[in-house]
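Visitor: okay, structure incoming, though there's no sequence with it:
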């Protein structure tokens, strides 16, 4: 039987999907960056397949909800201190 190839095509993410992708990237990045580190906004655009308007809207929503801090002058985004404290105080699950 011949091998079949499957081609995956990415699709632009919705605002909700983009928001979750942003949070996931920031959470994973906490392992790599210093405590007060932030991700450049350009990196968000490169990491997440979504139109710039969708990313901007998702970032604005996350910022309004206090999940992320967007520093326009530095061109960075990071998780808010409140969110980091909540993650640190959350009970650990055993695998």
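Guide: Now that the structure is in, tell me what you want to look at. Small disclaimer: the values here were computed from a predicted structure and weren't measured.
Visitor: how much space between residue 56 and residue 45?
Guide: Separation of residue 56 from residue 45 (CB to CB, to the nearest Å): 10 Å. Glycine gets a C-beta too; all of them are placed from N, C-alpha and C.
Visitor: more neighbours: which of those two?
Guide: residue 56 (17 against 14; other CB atoms under 10 Å).
Visitor: what helix or strand is the more buried one on?
Guide: helix 52-64 (DSSP states H and E).
Visitor: now that helix: mean pLDDT?
Guide: The average pLDDT for helix 52-64 rounds to 95.
Visitor: which residues touch it?
Guide: Residues outside helix 52-64 that contact it (CB atoms under 8 Å, 6 or more residues apart in numbering) are 12-16, 18-19, 22-23, 41, 44-45, 48, 50, 68-70, 77.
Visitor: and the pLDDT for the closest residue to residue 25 other than its chain neighbours?
Guide: In space, and not counting its chain neighbours, residue 25 is closest to residue 47: 5.4 Å by CB to CB, 6 or more residues apart in numbering. Note for residue 47: predicted pLDDT of 85.
Visitor: tell me where this structure has helices.
Guide: 15-29, 41-47, 52-64, 81-89 (DSSP state H).
Visitor: buried subset of the contacts of helix 52-64?
Guide: Taking 16 or more other CB atoms under 10 Å as the criterion, what is buried in the contacts of helix 52-64 is 13, 15, 18-19, 22-23, 41, 44, 48, 50, 68-70, 77.
Visitor: which of those residues lies closest to residue 89?
Guide: residue 23 (17.4 Å; CB to CB).
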